[in-house]
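**Student:** Here's a sequence, model it:
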Amino acid sequence: MSFSAMLDETTKNTIRTAVASMAEVAGAIGWLQVLAVPRLFARLERLPPRSFLVRQIDVFLAYARTGACDTEPTFEPVPLGERVERTLRLRALLEGWTSHDLPGEITEAARAVLYAEGLLPPEGWDGLPDPEQPVHELLVWPDIVPEGP
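**Tutor:** Next comes the predicted model:
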(Lines give C-alpha, C1' and ligand atoms only; values in the text may rest on other atoms or scores of the structure.)
Protein backbone atom coordinates (compact mmCIF):
# COMPACT_ATOMS: atom_id res chain seq x y z
CA MET A 1 0.00 0.00 0.00
CA SER A 2 1.38 3.43 -0.93
CA PHE A 3 1.88 6.18 1.62
CA SER A 4 -0.76 8.30 -0.12
CA ALA A 5 -3.32 5.50 0.10
CA MET A 6 -2.89 5.40 3.89
CA LEU A 7 -3.86 9.07 4.32
CA ASP A 8 -7.40 10.28 4.77
CA GLU A 9 -8.74 13.05 2.51
CA THR A 10 -8.43 15.73 5.21
CA THR A 11 -4.74 14.97 5.65
CA LYS A 12 -4.19 14.91 1.89
CA ASN A 13 -5.90 18.30 1.55
CA THR A 14 -3.81 19.71 4.40
CA ILE A 15 -0.63 18.53 2.68
CA ARG A 16 -1.76 19.96 -0.68
CA THR A 17 -2.49 23.32 0.95
CA ALA A 18 0.88 23.36 2.71
CA VAL A 19 2.74 22.56 -0.50
CA ALA A 20 0.84 25.23 -2.43
CA SER A 21 1.58 27.75 0.33
CA MET A 22 5.29 26.88 0.26
CA ALA A 23 5.32 27.38 -3.51
CA GLU A 24 3.67 30.80 -3.12
CA VAL A 25 6.23 31.83 -0.48
CA ALA A 26 9.07 30.66 -2.75
CA GLY A 27 7.60 32.79 -5.54
CA ALA A 28 7.43 35.81 -3.26
CA ILE A 29 11.04 35.29 -2.18
CA GLY A 30 12.03 35.21 -5.85
CA TRP A 31 10.50 38.66 -6.32
CA LEU A 32 12.15 39.91 -3.12
CA GLN A 33 15.50 38.83 -4.53
CA VAL A 34 14.90 40.64 -7.83
CA LEU A 35 13.92 43.79 -5.93
CA ALA A 36 17.11 43.40 -3.85
CA VAL A 37 19.36 43.26 -6.93
CA PRO A 38 18.78 46.21 -9.28
CA ARG A 39 20.92 44.58 -11.97
CA LEU A 40 18.48 41.65 -12.11
CA PHE A 41 15.47 43.95 -12.02
CA ALA A 42 16.88 45.87 -15.00
CA ARG A 43 17.02 42.62 -17.00
CA LEU A 44 13.30 41.93 -16.73
CA GLU A 45 11.68 41.84 -20.14
CA ARG A 46 8.46 43.22 -18.67
CA LEU A 47 7.31 44.64 -15.38
CA PRO A 48 4.52 43.13 -13.34
CA PRO A 49 1.67 45.33 -12.16
CA ARG A 50 2.39 47.01 -8.85
CA SER A 51 -0.68 45.28 -7.40
CA PHE A 52 0.91 41.91 -8.22
CA LEU A 53 4.12 42.82 -6.39
CA VAL A 54 2.08 43.97 -3.39
CA ARG A 55 0.25 40.63 -3.46
CA GLN A 56 3.60 38.81 -3.45
CA ILE A 57 4.64 40.82 -0.42
CA ASP A 58 1.31 39.98 1.24
CA VAL A 59 2.05 36.28 0.68
CA PHE A 60 5.43 36.70 2.36
CA LEU A 61 3.88 38.77 5.14
CA ALA A 62 1.33 36.07 5.93
CA TYR A 63 4.16 33.52 6.06
CA ALA A 64 6.30 35.79 8.28
CA ARG A 65 3.41 36.29 10.68
CA THR A 66 3.26 32.53 11.29
CA GLY A 67 6.74 32.67 12.79
CA ALA A 68 7.86 29.87 10.47
CA CYS A 69 11.19 29.97 8.69
CA ASP A 70 11.35 27.51 5.80
CA THR A 71 14.59 28.81 4.29
CA GLU A 72 18.11 27.66 5.14
CA PRO A 73 19.75 30.67 6.85
CA THR A 74 23.11 31.77 5.46
CA PHE A 75 24.23 33.33 8.76
CA GLU A 76 23.46 33.35 12.49
CA PRO A 77 21.74 34.81 14.44
CA VAL A 78 18.80 35.50 12.15
CA PRO A 79 16.56 38.43 13.20
CA LEU A 80 13.32 36.57 12.42
CA GLY A 81 11.39 38.79 14.80
CA GLU A 82 11.95 41.76 12.48
CA ARG A 83 10.43 40.19 9.35
CA VAL A 84 6.90 41.53 9.79
CA GLU A 85 7.96 45.12 10.47
CA ARG A 86 10.43 45.12 7.59
CA THR A 87 7.92 43.54 5.23
CA LEU A 88 5.27 46.13 6.13
CA ARG A 89 7.76 48.90 5.34
CA LEU A 90 8.52 47.35 1.94
CA ARG A 91 4.80 46.93 1.25
CA ALA A 92 4.19 50.63 1.95
CA LEU A 93 7.03 51.59 -0.40
CA LEU A 94 5.65 49.38 -3.16
CA GLU A 95 2.17 50.85 -2.77
CA GLY A 96 3.58 54.32 -3.41
CA TRP A 97 5.88 53.30 -6.28
CA THR A 98 4.87 54.95 -9.55
CA SER A 99 7.91 54.93 -11.86
CA HIS A 100 9.43 52.16 -13.97
CA ASP A 101 12.79 52.66 -12.26
CA LEU A 102 13.58 50.67 -9.14
CA PRO A 103 14.12 53.13 -6.27
CA GLY A 104 17.09 52.49 -3.98
CA GLU A 105 14.73 52.67 -1.02
CA ILE A 106 12.80 49.64 -2.31
CA THR A 107 16.04 47.75 -2.95
CA GLU A 108 17.25 48.42 0.60
CA ALA A 109 13.87 47.46 2.07
CA ALA A 110 13.84 44.17 0.09
CA ARG A 111 17.36 43.41 1.29
CA ALA A 112 16.29 44.10 4.87
CA VAL A 113 13.37 41.66 4.54
CA LEU A 114 15.61 38.96 3.09
CA TYR A 115 18.18 39.55 5.83
CA ALA A 116 15.47 39.10 8.46
CA GLU A 117 14.66 35.78 6.72
CA GLY A 118 18.30 34.73 7.09
CA LEU A 119 19.22 35.25 3.46
CA LEU A 120 22.40 37.09 2.55
CA PRO A 121 24.63 35.90 -0.30
CA PRO A 122 28.27 35.46 0.77
CA GLU A 123 29.30 37.83 -2.02
CA GLY A 124 26.64 40.39 -1.05
CA TRP A 125 23.59 41.33 -3.08
CA ASP A 126 25.54 43.39 -5.62
CA GLY A 127 28.04 40.56 -6.12
CA LEU A 128 25.39 37.89 -6.62
CA PRO A 129 26.21 35.91 -9.78
CA ASP A 130 23.83 36.23 -12.69
CA PRO A 131 21.48 33.28 -13.13
CA GLU A 132 22.02 31.02 -16.13
CA GLN A 133 18.39 31.46 -17.22
CA PRO A 134 16.78 34.78 -18.11
CA VAL A 135 15.48 36.41 -14.92
CA HIS A 136 11.86 36.53 -16.09
CA GLU A 137 11.85 32.72 -16.46
CA LEU A 138 12.73 32.24 -12.79
CA LEU A 139 9.78 34.22 -11.45
CA VAL A 140 6.06 33.72 -11.03
CA TRP A 141 3.96 36.16 -13.04
CA PRO A 142 0.36 37.33 -12.63
CA ASP A 143 -0.76 35.49 -15.73
CA ILE A 144 0.58 32.12 -14.52
CA VAL A 145 0.03 32.37 -10.79
CA PRO A 146 -3.00 30.50 -9.45
CA GLU A 147 -5.66 32.70 -7.96
CA GLY A 148 -5.92 32.52 -4.19
CA PRO A 149 -9.06 32.46 -2.10
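**Student:** how near is residue 60 to residue 132?
**Tutor:** For residue 60, the distance to residue 132 (CB to CB, to the nearest Å) stands at 25 Å. All C-beta atoms are positioned from the backbone trio N, CA, C, and that covers glycine.
**Student:** Between those two, point out the one with more neighbours.
**Tutor:** Using other CB atoms under 10 Å as the criterion, residue 60 and residue 132 rank with residue 60 on top: 24 against 7.
**Student:** That one reaches residue 27, doesn't it?
**Tutor:** No. With contact defined as CB atoms under 8 Å, residue 60 does not count as touching residue 27 (9.3 Å).
**Student:** Run through the residues that contact the residue nearest in space to the middle of the chain.
**Tutor:** By CA atoms, centre = their mean, the chain has its centre lying nearest to residue 29, at 1.9 Å. Applying CB atoms under 8 Å, 6 or more residues apart in numbering to residue 29 gives the contacts 60, 71, 114, 117, 119.
**Student:** What is the nearest of those to residue 88?
**Tutor:** residue 60 (10.8 Å; CB to CB).
**Student:** and the residue lying closest to that closest one once chain neighbours are set aside, helix, strand or coil?
**Tutor:** The spatially closest residue to residue 60, leaving aside those adjacent along the chain, is residue 28, at 4.1 Å (CB to CB, 6 or more residues apart in numbering). Secondary structure for residue 28, judged by DSSP: H, G, I helix; E, B strand; the rest coil, is helix.
**Student:** What does the pLDDT read for residue 28?
**Tutor:** What the model reports as pLDDT for residue 28 is 95.
**Student:** State the number of residues packed around it.
**Tutor:** Counted by other CB under 10 Å, the residues lying close to residue 28 total 24.
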